[in-house]
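Visitor: After the sequence you'll find the predicted model.
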Amino acid sequence: MGFDVLLDQAGSLGRFQILQIAFLFVTSMITYPQALLENFTAAIPGHRCWVPLLDNHTTSGNDSDILSQDALLRVSIPLDANLRPEKCRRFTHPQWQLLHLNRTFPNVSESDTEPCVDGWVYDQSSFSSTIVTKWDLVCESQSQKSVVQTVFLSGSLLGSLIFGYLSDRRLVESARWLITTNHLVEGTKALRRVAHISGKKSAGEILTLEFVRSTMQEEMDKASTKPSVVEVFQAPKLRMRVFYLNFLRLGATVPFYGLILNLQELGSSIFMFQILFGAVPFISRCIILFIMKYMDRRKNQSLFFFLAGLCILANAFLSKEMQTLRVILATLGVGAISAALTAFSVHSVELIPTICRSTITGINNVFSRIGAVFAPLLMTLIVYSPHLPWIMYGVFCIFSGLIVFCLPETRNQPLPNTIQDVEKDTKDSRGIKNEDTSLKITQF
């Protein structure tokens with residue numbers, strides 16, 4: 001009973017709800033791309049050391065006037081293991097003897113080369129300027145790019161804490177909040193407004209002050225005894241649920257942001273990846289909603305977490321020349337994580353008692369933001385091994401796929417209303433009446 005009855009009278013799914021979803025979609029489309037901008041504003045273009053022979057336009061001489069740019073590059077910049085110009089070192093002095101060699105390259109000692117002491121020259125064909133080119137976040141300073149991303153996402157974490165709290169002042173828009181805080185007149189008006197927008201013309205006569213009060217009396221009584229955060233964590237079983245849910249949210253967010261913030265590490269075309277990483281998660285989220293009707297919550301989450309982890313680990317050790325396979329695995333990985341996150345969002349709500357759901361959900365969202373902050377920090381491990389950050393992202397996914405089985409299954413199970421429901425963890429102890437079962441059982 002309770003608010004569900006009032007919502008049915010006002011229009012449970014009508015024009016009002018459709019408008020809310022539409023406005024929410026617009027705001028999400030504006031805010032979400034801000035994180036993805038890092039792939040473009042922090043892109044690392046091709047680069048090499050600045051050398052006077054090539055880049056000092058005031059230099060003039062027979063050699064530099066006669067020889068081509070390719071020849072000057074060959075005598076100024078050593079080649080890496082793939083026979084491409086080094087990005088972080090240059091010859092101490094021009095190696096003119098290299099011009100007379102045919103397909104043979106002598107071993108160049110470390111003493112013959114030096115770091116890019118005079119700066120770098122960047123390829124501006126794709127990006128005219130990024131924070132990397134502005135602050136020279138390459139070579140020894142490449143890890144600083146991840147630090148910049150961490151600072152940016154830390155601002156998002158701080159903002160969610162501050163403005164999430166401040167936004168509670170706007171809950172007067174919620175009829176349920178108004179009623180449970182004894183603002184019955186305003187709550188009734190809000191319900192009538194919803195009914196009017198949704199085209200429920202007869203609802204005004206039904207949604208009277210007395211009807212609202214009698215229908216919501218039980219919820220109003222429960223709201224007056226809402227448990228504090230301390231009480232939530234004093235309950236052993238609920239405390240463990242919250243612990244596992246927070247770890248799962250962290251474990252899913254870290255690899256998700258690790259993928260979407262490092263598109264350049266996955267392939268040569270970040271523009272193509274951006275399109276794929278936008279379309280595939282949308283499709284996978286729609287598919288998982290269908291799968292959840294037929295598969296248990298824990299099994300589908302574990303399946304997609306394992307799939308994502310295996311895709312990331314396989315991609316970590318593939319050669320960069322295998323572009324097609326790398327694109328397929330990366331796209332499949334981000335789609336699997338998106339599906340797992342969608343299933344998790346349903347499972348987590350079904351595990352939390354109604355009376356403290358908003359509090360625990362808020363804590364869970366904080367761990368999501370912490371995961372987003374932590375994800376770019378793992379990329380600093382690339383100075384030790386180029387595979388290490390991706391191994392960590394894959395391990396997070398696999399651990400999440402195992403941890404989910406520490407939580408109870410909720411598909412077609414009664415939803416807990418109170419902390420006592422969780423602590424007793426039996427269907428009989430929840431006091432669910434037969435006629436009320438349809439409102440308290442998960443439907444898919």
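Guide: That came through, no problem.
Visitor: Over to residue 51: give its phi and psi.
Guide: Dihedral pair for residue 51: phi -130, psi 140, per degrees, to the nearest 10.
Visitor: for residue 89, same thing?
Guide: phi -140, psi 160.
Visitor: Kindly report the same for residue 114.
Guide: Residue 114 has phi and psi values of phi -150, psi 160 when expressed as degrees, to the nearest 10.
Visitor: Please tell me how far it sits from residue 49.
Guide: Relative to residue 49, residue 114 is positioned 9 Å away (C-beta to C-beta, to the nearest Å). (C-beta placed from N, C-alpha, C; glycine too.)
Visitor: which neighbours do the two share?
Guide: 89, 90 (C-beta atoms under 8 Å, 6 or more residues apart in numbering).
Visitor: Compare neighbour counts for these two and give me the winner.
Guide: Neighbours per residue (other C-beta atoms under 10 Å) separate residue 114 from residue 49, with residue 49 holding more: 26 against 14.
Visitor: Name whatever forms a beta bridge with the more buried one.
Guide: On the basis of DSSP bridges, residue 49 is bridged to residue 120.
Visitor: so what's it up against?
Guide: 76-77, 86-90, 115-116, 118-121.
Visitor: do the same with residue 423
Guide: 235, 236, 237, 238.
Visitor: any chance you could read off phi and psi for residue 87?
Guide: Per degrees, to the nearest 10, the backbone of residue 87 is at phi -90, psi -20.
Visitor: cool, the one 4 residues further on as well?
Guide: Residue 91 adopts backbone torsions of phi -70, psi 140, taken as degrees, to the nearest 10.
Visitor: does the residue nearest to residue 5 when sequence neighbours are not counted belong to a helix or a strand, and which?
Guide: Nearest in space to residue 5, with sequence neighbours left out and distances taken as C-beta to C-beta, 6 or more residues apart in numbering, is residue 215 at 5.3 Å. In this structure, residue 215 sits in helix 209-224 according to DSSP states H and E.
Visitor: now the contacts of residue 49: which count as buried?
Guide: Buried members of the contacts of residue 49, counted by 16 or more other C-beta atoms under 10 Å: 76, 77, 86, 87, 88, 89, 90, 116, 120, 121.
Visitor: any idea how far the third one is from residue 80?
Guide: What that stands for is residue 86. 5 Å.
Visitor: circling back to that earlier point, just to check, the residue nearest to residue 5 is in contact with residue 175?
Guide: No: using C-beta atoms under 8 Å, residue 215 is not in contact with residue 175; the gap is 11.9 Å.
Visitor: overlap in contacts of the two?
Guide: Going by C-beta under 8 Å, 6+ apart, residues that sit against residue 215 and also against residue 175 are residue 6.
Visitor: Of the contacts of residue 423 - the most surrounded one?
Guide: residue 238 (25 neighbours).
Visitor: How about the contacts made by residue 91?
Guide: Residue 91 neighbours (C-beta under 8 Å, 6+ apart): 75, 76, 77, 78, 108, 112, 113, 114.
Visitor: Now do the helices in the stretch 301-444 of the chain.
Guide: Along the stretch 301-444 of the chain, counting by DSSP state H, counting those that start in this stretch, helices occupy 323-351, 357-378, 388-403, 419-424, 437-440.
Visitor: picking that back up, more neighbours, residue 215 and residue 175?
Guide: Higher neighbour count among residue 215 and residue 175: residue 175, with 25 against 19, using other C-beta under 10 Å.
Visitor: Contacts for stretch 323-340 next, please.
Guide: With C-beta under 8 Å, 6+ apart as the criterion, stretch 323-340 contacts 252, 255-256, 259-260, 266-268, 272-273, 276-277, 280-281, 283-285, 287-288, 291, 300-301, 304-305, 307-308, 311-312, 314-315, 318, 320, 397, 400.
Visitor: chain center to it: distance?
Guide: A distance of 14 Å separates the centroid of the chain from that of stretch 323-340, by C-alpha atoms, centre = their mean, to the nearest Å.
Visitor: And the pLDDT for residue 165?
Guide: Listed pLDDT for residue 165 reads 63.
Visitor: Likewise for residue 332?
Guide: Residue 332 is given a pLDDT of 92.
Visitor: how much space between it and residue 265?
Guide: 16 Å.
Visitor: Residue 331 too?
Guide: With C-beta to C-beta as the criterion, residue 331 and residue 265 are 14 Å apart.
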